[in-house]
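Undergrad: Predicted model and sequence below, questions to follow.
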Amino acid sequence: MRPDYRFPPKPVDRPDHISVLLPTRARPEKLKKVFECFQATVANKLLIDIWLYVDDDDEITLQYIKTDEWLKYDIKINWYIGKSTKSMGDMFNQLWQKCTTNPGIYFPFCDDYILETPRWDVILRDFMVRHQDGIMLGYLIDPQHASYQVTIPVPSAQWLNILGYFITNRFCFWFDDMWLDQIAAMAQRKVLIPIRTISLGEKGKTPRIKNLSFWNRYFASTHDDRFADAEKILTVIHKNDHLALESALQNARETAAIQLHKFALIESDSERNAELVASDLEHVPNASQLINYYEVELHAVEDLLLKAAKAMERSDLSDVQFLLNALELSTYSLPDINYIKATLFQSHGYFSTAAEFLIKHIENNPFDIKSVQLLKNINGKLDTYSPFSKTSMYLSAWLGIVDDNFIFFPKKIDEELYFIIQSSIYLILNNGGKFNSILIVGAGNGEGAVQAIALAYPDIKPNVLFCIEPDNDKFLELESRYSSVAKSYNCSSVKTSDYISEHELTAFYKYIPSVMNKYPLESFITALNNEKHTLDRTNRSCDGIRNIRRLHKLEHFDFVVLDGSLFSGEADLDAVYGSVFILLTSVNSIKDYANHKRLSEDDNYILLLSNLTPRAGYSMFGRRDCI
């Protein structure tokens with residue numbers, strides 16, 4: 001079994017101190033640049049130290065240590081020399097345990113990046129106290145990855161003490177950051193910190209990468225383990241408020257379902273291409289490294305077998321099939337895996353599905369006599385039962401969720417968009433730009449785009465940030481939270497007479513494939529009529545966007561988030577056309593399908609980013625003459 005990687009809590013002796021944990025191997029020249037960067041950019045060198053992990057067979061780095069050249073820096077540097085570990089997680093966990101400073105902030109770093117932001121240590125401390133209880137996972141802006149991806153995590157000491165590990169030791173490559181990212185998202189303790197990094201050269205290769213298809217599915221199969229860790233964090237955060245805990249856990253379940261939905265979109269061809277691109281063709285692993293890899297994969301196989309057994313106990317066929325499919329991709333040969341699938345589906349009455357798997361098993365094992373009787377049992381009932389079709393994990397039984405409407409038509413803005421908005425505001429401000437007007441259509445209660453902007457632009461004023469929210473309850477909550485930073489309007493973005501017609505809605509549903517086809521047309525027709533009736537009856541139907549522009553004498557908006565009604569998308573874009581930045585939040589529905597096409601074909605605008613596959617898809621455009 002895998003060695004236990006959870007450790008008892010460590011004391012926090014120096015809450016304001018930052019300990020940088022940095023594994024390195026055979027790259028002293030890059031290491032010097034990291035030291036020089038810290039020397040030049042750290043504001044208070046007495047409140048920071050560096051702990052480095054060096055393999056005991058790394059002669060190049062060991063020779064550099066002997067030169068004492070590193071002693072010239074004003075930051076304390078500590079070296080730990082140990083055996084080559086089986087995973088990056090083992091390395092970071094050992095550094096965390098060896099660190100005797102016992103700081104409030106641990107900062108994992110790597111030797112092929114430097115930090116661009118001056119006085120980054122001051123910024124880091126300021127952001128790491130965003131939550132009074134100190135429980136959070138910060139992360140830095142990495143230009144080589146999307147702004148919502150955690151690639152350089154910064155955990156607080158309190159976070160580490162709850163989880164009992166720095167990084168999981170389950171993986172040889174890539175997935176450690178994603179593991180922490182998803183836990184932090186489920187616990188709603190993920191914080192983007194506006195510290196920019198610079199890569200020392202091109203994006204590096206991944207020497208340890210191997211069998212990516214298997215590891216992707218193993219990662220998805222362990223989502224329940226990450227949820228358990230998020231639950232552990234939330235239990236501590238809300239230890240004195242049972243109702244708040246229940247609400248937070250429900251949000252965590254929905255977040256987990258969204259994460260699994262996004263994973264389900266990964267295609268095998270893209271996995272093969274990603275592995276090929278990331279592989280270091282010049283790397284020749286030695287025997288010890290290969291044995292380490294196979295040991296880590298063996299532990300993963302053990303995990304999957306245990307999970308499959310538990311899924312069988314609860315008769316969760318979808319999870320069982322997913323887990324067995326993952327096992328089939330393992331380097332380790334499991335000759336009876338299709339036989340197991342066949343017996344499983346046969347016992348639950350899915351005889352045609354059982355037959356498919358049994359035929360595969362017989363093709364691979366033609367002399368296996370145990371297949372004969374099973375084949376007779378299945379053949380006798382093939383005409384009486386339908387096949388089993390569900391293989392997606394995104395609504396796994398352990399989630400306790402059966403309705404996926406919130407995935408495609410979310411109550412608040414998608415997490416990816418939340419951090420895209422935040423990082424965009426950061427970058428524009430840090431590059432000397434400014435905002436005279438920002439508009440959020442469909443601001444909700446403020447938990448989404450409004451919160452993202454307020455955190456990224458703490459000095460923003462109500463004469464700059466404008467919000468539209470027609471729902472009265474959400475509007476009142478929005479006002480109570482953000483009246484000091486935003487001017488909010490309790491009305492529709494456009495008149496109900498500008499909404500799409502029932503005929504247009506029906507034509508779109510019938511002729512253009514979209515996420516809406518997952519649900520009955522009648523549900524959308526009812527929603528359209530109810531929304532228009534409510535707005536008209538309560539006198540909240542008005543030309544909200546144009547009224548704001550007239551009232552505040554705005555020729556255009558600098559930044560717009562269109563997250564309003566499903567039925568007013570095209571009219572909303574008409575009202576904000578000419579704005580510098582426009583963010584569309586539902587490209588794969590009637591709200592923004594035509595808007596995305598229109599702006600893509602408009603010479604005045606350029607597509608800045610998009611992700612059209614997860615949920616309802618999103619895209620962001622910038623006015624060409626202003627970019």
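TA: Great, that's in hand. Because the structure is predicted, anything quoted here is derived from the model rather than measured.
Undergrad: Mind picking out the helix or strand in this protein with the poorest mean pLDDT?
TA: Ranking every helix and strand in the chain by mean pLDDT, DSSP states H and E puts helix 268-278 at the bottom, with a mean of 66.
Undergrad: Helix or strand next in line after it, which one?
TA: Next along the chain after helix 268-278, taking DSSP states H and E as the criterion, comes helix 287-313.
Undergrad: Could I get the average pLDDT for that next one?
TA: What helix 287-313 shows for mean pLDDT is 87.
Undergrad: What's the local residue count around the closest residue to residue 408 other than its chain neighbours?
TA: Leaving aside its chain neighbours, residue 408 sits nearest to residue 515 (4.2 Å; criterion: Cβ to Cβ, 6 or more residues apart in numbering). Quick note: C-beta positions are derived from backbone N, CA and C, even for glycine. Neighbours of residue 515 under the rule other Cβ atoms under 10 Å: 17.
Undergrad: For residue 515, give its distance to residue 376.
TA: For residue 515, the distance to residue 376 (Cβ to Cβ, to the nearest Å) stands at 44 Å.
Undergrad: One more: residue 50?
TA: Here the criterion is Cβ to Cβ. By it, residue 50 lies 68 Å from residue 376.
Undergrad: For the two, work out which one has more neighbours and name it.
TA: Using other Cβ under 10 Å as the criterion, residue 50 and residue 376 rank with residue 50 on top: 22 against 9.
Undergrad: What are the phi and psi values at the more buried one?
TA: According to degrees, to the nearest 10, the main-chain angles of residue 50 amount to phi -120, psi 130.
Undergrad: now swap in residue 78 and tell me
TA: Dihedral angles (degrees, to the nearest 10) for residue 78: phi -120, psi 130.
Undergrad: now residue 553
TA: Torsion angles at residue 553 (phi, psi; degrees, to the nearest 10) stand at phi 50, psi 50.
Undergrad: dump the residue contacts of it.
TA: Neighbouring residues of residue 553 by Cβ atoms under 8 Å, 6 or more residues apart in numbering: there are none.
Undergrad: And it, how close does it get to residue 543?
TA: 16 Å.
Undergrad: three-state assignment of residue 616?
TA: coil (DSSP: H, G, I helix; E, B strand; the rest coil).
Undergrad: Give me the nearest residue to it, chain neighbours excluded.
TA: Leaving aside its sequence neighbours, residue 616 sits nearest to residue 586 (Cβ to Cβ, 6+ apart; 4.1 Å).
Undergrad: my read: that neighbour touches residue 566, true?
TA: Yes. Between residue 586 and residue 566 there is a contact under Cβ atoms under 8 Å: 7.1 Å.
Undergrad: Now for the two: what residues contact both?
TA: Common contacts of residue 586 and residue 566 (Cβ under 8 Å, 6+ apart): residue 409.
Undergrad: Of the two, give the one with the bigger neighbour count.
TA: More crowded of residue 586 and residue 566, by other Cβ under 10 Å: residue 586, with 27 against 21.
Undergrad: residues contacting that one?
TA: 409, 563, 566, 569, 592, 616, 617, 618.
Undergrad: Look up how far residue 413 lies from residue 499.
TA: Distance, residue 499 to residue 413, by Cβ to Cβ: 21 Å.
Undergrad: Residue 564 too?
TA: Distance, residue 564 to residue 413, using Cβ to Cβ: 11 Å.
Undergrad: Could you do residue 498 as well?
TA: According to Cβ to Cβ, residue 498 and residue 413 sit 23 Å apart.
Undergrad: Repeat that for residue 398.
TA: Here the criterion is Cβ to Cβ. By it, residue 398 lies 26 Å from residue 413.
Undergrad: could you pull out the helices for the stretch 151-300 of the chain?
TA: Using DSSP state H, counting those that start in this stretch, the helices found in the stretch 151-300 of the chain span residues 157-163, 175-187, 212-221, 223-237, 242-263, 268-278, 287-313.
Undergrad: Figure out which of those helices is closest to residue 511.
TA: Among the helices of the stretch 151-300 of the chain, the nearest to residue 511 by Cβ to Cβ is helix 242-263 (25.2 Å).
Undergrad: Separate out the buried members of the contacts of residue 586.
TA: Buried by 16 or more other Cβ atoms under 10 Å: 409, 563, 566, 569, 592, 616, 617, 618, out of those.
Undergrad: Tell me which residues touch the closest residue to the second one other than its chain neighbours, please.
TA: So that's residue 563. Spatial nearest neighbour of residue 563, excluding adjacent residues (Cβ to Cβ, 6+ apart): residue 442 at 3.9 Å. Residue 442 makes contact with 468, 469, 493, 561, 562, 563, 564, 565, according to Cβ under 8 Å, 6+ apart.
Undergrad: before we move on, back to that, neighbour count winner among residue 498 and residue 413?
TA: A direct count of neighbours by other Cβ under 10 Å for residue 498 and residue 413 places residue 413 higher, at 25 against 17.
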